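Visitor: the following block contains a protein sequence and its predicted model.
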Amino acid sequence: MYLACSNKYHHKEMSKTKITINNNGSVKDDGDFEIVDVNGNAYGLQGRTIVSLCRCSRSANKPFCDGSHKGHFEHEAIAFDLPPKKV
Ligand code: FES
């Protein structure tokens, strides 16, 4: 997606991050994102634009998935709507 810009020679690309909740496993993050710890320090992703984050708590490489969920974590990820946001 490209944003309109007053300078016709300058375009800023706006990217979107896609987060996929995998069945029985990780959360896949794909796009332009940053992962930080509680202090705001970024994990060095070495140029990766796709990573899988652990949501089963079994990974020895948290917060990243190391495949340890296989056969030990069950959750069928079916999208649903959250209740209306409270204002
Ligand atoms: S989701 Fe893969 S190790 Fe936890």
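Guide: Great, that's in hand. Numbering: from 1, shown residues only.
Visitor: list the contacts for residue 69?
Guide: Residue 69 makes contacts with 24, 25, 26, 54, 55, 56, 58, 59, as judged by CB atoms under 8 Å, 6 or more residues apart in numbering. C-beta: built from backbone N, CA, C; applies to glycine.
Visitor: among those residues, which are within reach of the ligand?
Guide: 25, 26, 54, 55, 56, 58, 59 (CB under 6 Å from any ligand atom).
Visitor: nearest to residue 82, of the contacts of residue 69?
Guide: Nearest to residue 82 among those: residue 55, at 17.5 Å, using CB to CB.
Visitor: give me the nearest residue to that closest one, chain neighbours excluded.
Guide: residue 27 (5.4 Å; CB to CB, 6 or more residues apart in numbering).
Visitor: how many other residues sit next to the one you found?
Guide: A count of neighbours around residue 27, defined by other CB atoms under 10 Å, yields 16.
Visitor: that one bridge partners, please.
Guide: residue 21, residue 53 (DSSP bridges).
Visitor: alpha carbons only: can I get stretch 77-87 in PDB?
Guide: Output of stretch 77-87 as PDB, limited to C-alpha atoms (Å, rounded to 0.1, in the frame of the first residue of the first chain):
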ATOM      1  CA  ALA A  77      -7.600 -21.400  16.200                       C
ATOM      2  CA  ILE A  78     -10.900 -20.200  14.800                       C
ATOM      3  CA  ALA A  79     -11.300 -16.500  14.500                       C
ATOM      4  CA  PHE A  80     -14.100 -14.700  16.400                       C
ATOM      5  CA  ASP A  81     -15.200 -11.300  17.300                       C
ATOM      6  CA  LEU A  82     -14.300  -9.700  20.600                       C
ATOM      7  CA  PRO A  83     -17.100  -8.000  22.600                       C
ATOM      8  CA  PRO A  84     -17.600  -4.300  21.800                       C
ATOM      9  CA  LYS A  85     -14.800  -2.100  23.100                       C
ATOM     10  CA  LYS A  86     -15.700  -0.300  26.300                       C
ATOM     11  CA  VAL A  87     -15.500   3.500  26.100                       C
END
